[in-house]
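this is a predicted model, with the sequence first.
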Amino acid sequence: MIRSLLVATLFASAAPPEVPAPDVSAPYGMGIHFDDTATQVQRVPLGQSRRVVIECFCPVTAVKHFGARDEITLTITGRYSISGYHGSREDAGAEPIPRGGLHFRKQESGGSLRLVSSEFHYIHHSMYLSEVNVRAPEGVEVVFDKQSLDQIEERNNR
């Protein structure tokens with residue numbers, strides 16, 4: 001509950017949160033603390049799909065429609081954090097978000113395309129999307145299936 005409130009507060013504003021430079025210099029015993037934010041672009045071919053469902057926590061979303069094309073474009077902003085990990089920086093995985101690290105996984109079913117975010121929370125590590133902007137062709141329905149922080153955390157147990 002407290003974690004949910006803290007993360008919800010982080011993403012409450014419409015503007016992406018200001019993030020300080022990564023700090024991995026915590027004294028021994030306090031654990032590693034690390035933050036990295038990134039913005040990445042993902043292009044997804046639509047095939048025959050005319051309905052796209054986007055599953056994510058992502059508190060800030062926008063959809064713009066444009067002329068006919070056979071793909072949608074997602075501009076994704078996210079934050080990867082480590083808090084209080086007791087071990088080495090290397091073991092903690094304190095590295096910048098890799099290229100494609102914010103991209104959605106595709107699940108096709110009938111005439112619908114489901115895009116599932118890469119968000120997660122597990123013990124000391126988390127990644128949440130703060131903003132997702134979508135450009136879709138005219139005639140393509142885009143729906144956001146907003147996930148709670150608890151639902152994102154439960155993904156680790158599936």
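On my side now, so go ahead.

angles on the backbone of residue 142, please.
With angles defined as degrees, to the nearest 10, residue 142 sits at phi -120, psi 120.

burial of it, as a residue count?
Residues within reach of residue 142, counting by other C-beta atoms under 10 Å, total 19. Where C-beta positions appear, they are placed from N, C-alpha and C, glycine not excepted.

contacts only, for it.
Applying C-beta atoms under 8 Å, 6 or more residues apart in numbering, one finds that residue 142 lies in contact with 52, 54, 63, 72, 134, 136.

residue 78 versus that one, what's the distance?
19 Å (C-beta to C-beta, to the nearest Å).

same thing with residue 113?
21 Å.

again with residue 117
Taken as C-beta to C-beta, the span from residue 117 to residue 78 is 8 Å.

which neighbours do these two share?
Looking at what touches both residue 117 and residue 78 (by C-beta under 8 Å, 6+ apart), the common residues are residue 129.

what about the residue most central in space within the chain, helix or strand, and which?
What sits nearest the mean C-alpha location of the chain, by C-alpha atoms, centre = their mean, is residue 129, with 3.0 Å. Assessed by DSSP states H and E, residue 129 sits inside strand 125-137.

now that strand, how far from the chain's geometric center?
How far strand 125-137 lies from its chain's middle: 5 Å, per C-alpha atoms, centre = their mean, to the nearest Å.

same deal with stretch 144-158?
Relative to the centre of its chain, stretch 144-158 is centred 11 Å away, using C-alpha atoms, centre = their mean.

can you list the buried residues in that stretch?
144, 147, 149, 152-153, 155 (16 or more other C-beta atoms under 10 Å).

what are the boundaries of the helices in this protein?
Counting by DSSP state H, one finds helices in the chain at the ranges 2-10, 89-92, 149-154.

quick one: average pLDDT of the last one?
pLDDT averaged over helix 149-154 equals 88, rounded to a whole number.
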